[in-house]
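Novice: everything below, folded, please.
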Amino acid sequence: MAAEHKHSSSLSAKKLLFSILLNLGITLAQFIGGIISGSLSLLSDALHNFTDVISLIISYIAHKMARKNASISRTFGYKRAEIMAAFVNAASLIVIAIILIKEAIGRFFEPQAINSTVVIWLAIIAILGNGLSVLLMKKDSQSNLNMRSAYLHLFTDMLASIAVLIGGLFMKYYQLYWIDSILTIMIAVYLIVVGYKLLKSSFKILMLYTPTNIDVKKVVAKVCEIPAVKNIHHIHIWSLNEDEIHLEAHLDLHENISVTSFDVVLQKIEKLVNKEFNINHVTIQPEHNKPDSKAIIIQD
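Specialist: Here you go, the predicted model:
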């Protein structure tokens, strides 16, 4: 079974690496083609592909690093590397998209002739390349969140390339060169929306916010239903990464019980919060009649 998992993991890594190399080639071709043809939408699609190449590289590194064990100097291992990189990538993506919009508005009022044939052929190449990557990643995306993220990036790349192809056809047969600016703005706005969502979600994780799908008061109410529990307070709930949610709290007990008895209570709490709130890492400090604040949230 372990050998099968290792083989599956190795195969997924190879698929990611192939997709990285393929999309890097597409990005380079689109960038050169965008300069030669004068198409801003092709350049913006090249940017989209490049940011997704970075995302694929992050996924590849995270896929490799996830298999590394924690150490004395890195007690959490490398579990947050992907989140930190996502935050930086999202911020830079928004800045570059805004620059593209500014340039596209200027070009809209002063349209420039564009080599639409180059745009069309490069868009077709990008669609075929991204389509192949999407097919390669589809199976793995159904069982792994990291691979699903990579799959979605590739899928949106394919959609953006289809938009560029449509624009190229309009320019070739109707000489509507201003459509290049419109498509650039549409792609840039889409990048801002996607980038903002990624920036917001990664920021919340880095700042140790309580996950949006967890109501702390409901957690307290559920835990207090356990007979031995008098009160749960001084609570911290945060996401270490996309897969790991931690709960840390002080637990006031009705009786001064033994460590063995407390272990039974702790197991009940762990099963409860995992089933009800998907919390998979629990650290509890047991107390009995300790004269401290019983507020749910206390500033450390």
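Novice: do a quick rundown of the strands in the stretch 151-300 of the chain.
Specialist: 229-239, 245-253, 281-287 (DSSP state E, counting those that start in this stretch).
Novice: angle of the second one against strand 229-239?
Specialist: Taking axes from the mean of the first three to the mean of the last three C-alpha atoms, to 10 degrees, strand 245-253 and strand 229-239 form an angle of 160 degrees between their directions.
Novice: could you do the shortest one as well?
Specialist: In this structure, strand 281-287 runs at an angle of 150 degrees to strand 229-239, with the same axes, to 10 degrees as the basis.
Novice: buried ones in strand 281-287, by neighbour count?
Specialist: In terms of neighbour count (16 or more other C-beta atoms under 10 Å), strand 281-287 has its buried residues at 282, 284, 286-287. For every residue, glycine as well, the C-beta is placed using N, CA and C.
Novice: next one: it to chain centre, how far?
Specialist: Distance, stretch centre to chain centre, for strand 281-287: 30 Å (C-alpha atoms, centre = their mean, to the nearest Å).
Novice: what is it packed up against?
Specialist: In terms of contacts (3 or more C-beta pairs under 8 Å, 6 or more residues apart in numbering; DSSP states H and E), strand 281-287 is packed against strand 245-253, helix 259-277.
Novice: any chance of the buried residues of strand 281-287 in a markdown table, plus distance to residue 235 and pLDDT?
Specialist: Shown next, in a markdown table, are the buried residues of strand 281-287 (distance: C-beta to C-beta, whole Å; pLDDT from 0 to 100):
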| residue | distance to residue 235 | pLDDT |
| --- | --- | --- |
| 282 | 11 | 97 |
| 284 | 10 | 97 |
| 286 | 14 | 96 |
| 287 | 13 | 96 |
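Novice: between those, which sits nearest residue 209?
Specialist: residue 282 (18.6 Å; C-beta to C-beta).
Novice: show me where the chain has helices.
Specialist: 2-37, 40-65, 81-109, 116-141, 145-174, 179-206, 216-223, 259-277 (DSSP state H).
Novice: wait, which of these is closest to residue 249?
Specialist: Closest among these, using C-beta to C-beta: helix 216-223, at 8.2 Å.
Novice: residues contacting residue 190?
Specialist: Taking C-beta atoms under 8 Å, 6 or more residues apart in numbering, we find residue 190 in contact with 156, 160.
Novice: where's it relative to residue 89, distance?
Specialist: Residue 190 sits 16 Å away from residue 89, going by C-beta to C-beta, to the nearest Å.
Novice: again with residue 186
Specialist: In terms of C-beta to C-beta, residue 186 sits 21 Å off from residue 89.
Novice: one more: residue 152?
Specialist: 14 Å.
Novice: kindly report the same for residue 104.
Specialist: Residue 104 is 22 Å from residue 89, by C-beta to C-beta.
Novice: who has more neighbours, those two?
Specialist: residue 104 (22 against 19; other C-beta atoms under 10 Å).
Novice: right, and the more buried one touches residue 178 too?
Specialist: No: Residue 104 is beyond contact range of residue 178, at 9.9 Å (criterion: C-beta atoms under 8 Å).
Novice: out of the helices of the chain, which one sits most buried?
Specialist: Each of the helices of the chain was assessed for mean neighbour count using mean count of other C-beta atoms under 10 Å. The highest is helix 40-65, with a mean of 23.
Novice: adding distance to residue 138 and mean pLDDT, write the helices and strands packed on strand 281-287 out as CSV.
Specialist: Output for these, formatted as CSV (distance: least, C-beta to C-beta, whole Å; pLDDT from 0 to 100):
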stretch, distance to residue 138, mean pLDDT
strand 245-253, 28, 97
helix 259-277, 30, 96
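Novice: out of the ones you listed, which comes closest to residue 206?
Specialist: Of all the helices and strands packed on strand 281-287, strand 245-253 sits nearest to residue 206, with 14.2 Å by C-beta to C-beta.
Novice: that closest one vs helix 216-223, what angle?
Specialist: Using the same axes, to 10 degrees, the direction of strand 245-253 lies 50 degrees away from that of helix 216-223.
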